[in-house]
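Q: okay, structure incoming, though there's no sequence with it:
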């Protein structure tokens, strides 16, 4: 089994910064795509940023230029640096990863438990 554990959420004023981290642990053979999603109150869950194993990234338009996603393959870790935060960034942020356990050896999509990010105006 594979677990994703997030850390780094909290309360920040508009214009501030937060850094989210997520570590995949357990019976891991390989971790491929990793990323961050968020769900704001009353809204659908959306992809915020994704990063492939080779480091290529993609972002939703509303965070481009403010958020940066990165990863450390040796640590099975993905990080989301969030700068210039806005009240509309308030949401529960979820880590997501495609991981292959040692057994059975096929890729499965996993989710973290979520971490709250609140941006006050």
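A: Arrived safely, thanks for sending. Small disclaimer: the values here were computed from a predicted structure and weren't measured. Numbering: from 1, shown residues only.
Q: and the residue lying closest to residue 77 once chain neighbours are set aside, what element?
A: Counting by C-beta to C-beta, 6 or more residues apart in numbering, residue 23 is the residue found nearest to residue 77 once chain neighbours are left out, at 5.0 Å. The way it works is simple: take the backbone N, C-alpha and C, and place the C-beta from them, glycine included. Assigned by DSSP states H and E, residue 23 belongs to strand 18-26.
Q: which residues sit against that strand?
A: Under the criterion C-beta atoms under 8 Å, 6 or more residues apart in numbering, residues 1-10, 12, 31, 34, 36, 75-82, 85, 93, 95, 97, 99, 101, 110, 112, 115, 117 lie in contact with strand 18-26.
Q: what does stretch 44-56 give?
A: 31-39, 57-60, 63, 67-71, 73, 78, 80, 93-94.
Q: what about 10 Å?
A: Contacts of stretch 44-56 with the rest of the structure, by C-beta atoms under 10 Å, 6 or more residues apart in numbering, involve 20, 30-40, 57-60, 62-64, 67-71, 73, 78-82, 89, 91-94, 96, 98.
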